[in-house]
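**Student:** Got a sequence here, can you model it:
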Amino acid sequence: MSKPSFWWRPSVHAERQPLLRQRAALMQAVRRFFASQDFCEVDTAILQFSPGNEAHISAFATELLAPDGTASRLFLHSSPEFAAKKLIAAGEERLFSLTHVFRNRERGPLHHPEFTLLEWYRTHAPYQKLFEDCAGLLALAAKVTGRGQFSFRGASADPYAAAELLPVTEAFHRYAGVDLLATYDATGCDRPALAAQAAAIGLRVVEDDSWSDLFSKILSEKVEPRLGHGRATLLVDYPAPEAALARLRNDKRFAERFELYVCGVELANGFGELTDAAEQQRRFEIEMAERQRIYGDSYPIDPVFLESIAEMPETSGIALGFDRLVMLATGADHIEQVIWTPVVETGSRL
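**Tutor:** Have a look, this model is predicted:
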């Protein structure tokens, strides 16, 4: 089935309807899955002071008008993360959110400007507990859709099989022939060393590529397509420079961050959450400086969020692309096949 156009036409909707009904059933099952473990579903505000502070996640901005006409700038959230962590700081212990989120500059078979994110948090739990949650959700999706295999672009995976635990450094060596640990340590990154290795395996390297840019190129072009074949892969022990909102391990070269891959598709991103406000602010400032360099804009850093994470207990959290899970569990080959009403494309005529 190809990408649907004019999704509202009866003939197109008839093709998509079985997938959409399975989506609805899976959404109900996910809610039961978390309710059975005493999670509380939270409904966080979509309008936020900051949409998030990752360099390559672009937001939608809007304007809030006060009754007197005074305008202030707000953003559609790219994740419920900031709001959810404020709730954890306020005393919630197990929560999940199944909500629409918004990311600009993203559209393709696996990306949509408005999509559904499943995000959940466990306090007083190590991040490895999230591995079990992921396994449970994969099995649940297979049970709901009645499929014994997940599939995408010729790749398949057994949703009931135990996931492969694969460190990032080992994945880079196995699938790209790159010695990642030779290019960074706990004190910093050696950009020329990684650039040389990237060029040696045939990747295009440009002068303004940072170490992080090169890491992403190697990951997306050489490593990701090979992950999650036959069974899910949990890509663990992310390099400290790619920690994002995760705390570092005792070995400061690595972060408590992992990603879940199935059939070469990145499905989820999980953390042992950082609770050091000063360190989080430092990381955000670096990310926003990088965004300014690349895109010519940046987003505000939410001071209330920084205050709140300092009050959080030990917490593990993860975000999973719900639409992608539906795709894998139904055999769809484009994300818009499993979204009820895809966002109209610029220039489209209805």
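**Student:** How about residues contacting the stretch of helix or strand residue 86 belongs to?
**Tutor:** Using DSSP states H and E, residue 86 sits in helix 81-90. Contacts to helix 81-90, defined as CB atoms under 8 Å, 6 or more residues apart in numbering, come from residues 42, 44-45, 48, 50, 52, 77, 95, 97, 119, 121, 123, 245, 273, 302, 304-305, 308-309, 311-313, 315, 317, 319. No exception for glycine: its C-beta is placed from N, CA and C like everyone else's.
**Student:** any weak-confidence spans in the stretch 51-200 of the chain?
**Tutor:** Within the stretch 51-200 of the chain, the set of residues satisfying pLDDT under 70 is empty.
**Student:** What are the boundaries of the helices in it?
**Tutor:** 81-90, 129-145, 168-176, 191-200 (DSSP state H, counting those that start in this stretch).
**Student:** what comes up buried for the helix holding residue 86?
**Tutor:** Using 16 or more other CB atoms under 10 Å as the test for burial, helix 81-90 gives 81-89.
**Student:** next one: stretch 298-314
**Tutor:** For stretch 298-314, burial by neighbour count (16+ other CB under 10 Å) applies to 298-299, 301-302, 305-306, 308-309, 312.
**Student:** now do stretch 95-104
**Tutor:** Here stretch 95-104 shows 95-99, 101-103 as buried, counting by 16+ other CB under 10 Å.
**Student:** hey, C-alpha coordinates of that stretch in CSV?
**Tutor:** The C-alpha trace of stretch 95-104 is given here as CSV (Å, rounded to 0.1, in the frame of the first residue of the first chain):
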residue,chain,number,x,y,z
LEU,A,95,2.6,8.4,34.9
PHE,A,96,2.1,8.1,31.2
SER,A,97,0.9,10.3,28.4
LEU,A,98,-0.5,9.3,25.0
THR,A,99,-0.7,12.6,23.2
HIS,A,100,-0.3,14.5,19.9
VAL,A,101,3.0,16.3,19.6
PHE,A,102,4.3,18.6,16.9
ARG,A,103,7.7,18.8,15.1
ASN,A,104,8.4,21.1,12.1
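**Student:** For the stretch 201-350 of the chain, which segments are assigned as helices?
**Tutor:** Under DSSP H, counting those that start in this stretch, the stretch 201-350 of the chain gives helices at 211-218, 277-295, 303-309, 322-330.
**Student:** Please name every helix or strand in contact with the shortest one.
**Tutor:** Applying 3 or more CB pairs under 8 Å, 6 or more residues apart in numbering; DSSP states H and E, one finds that helix 303-309 contacts helix 81-90, helix 277-295.
**Student:** sorry, back to before: narrow the buried residues of stretch 95-104 to those in strands?
**Tutor:** Those of these mapping onto strands are 95-99, 101-102, per DSSP state E.
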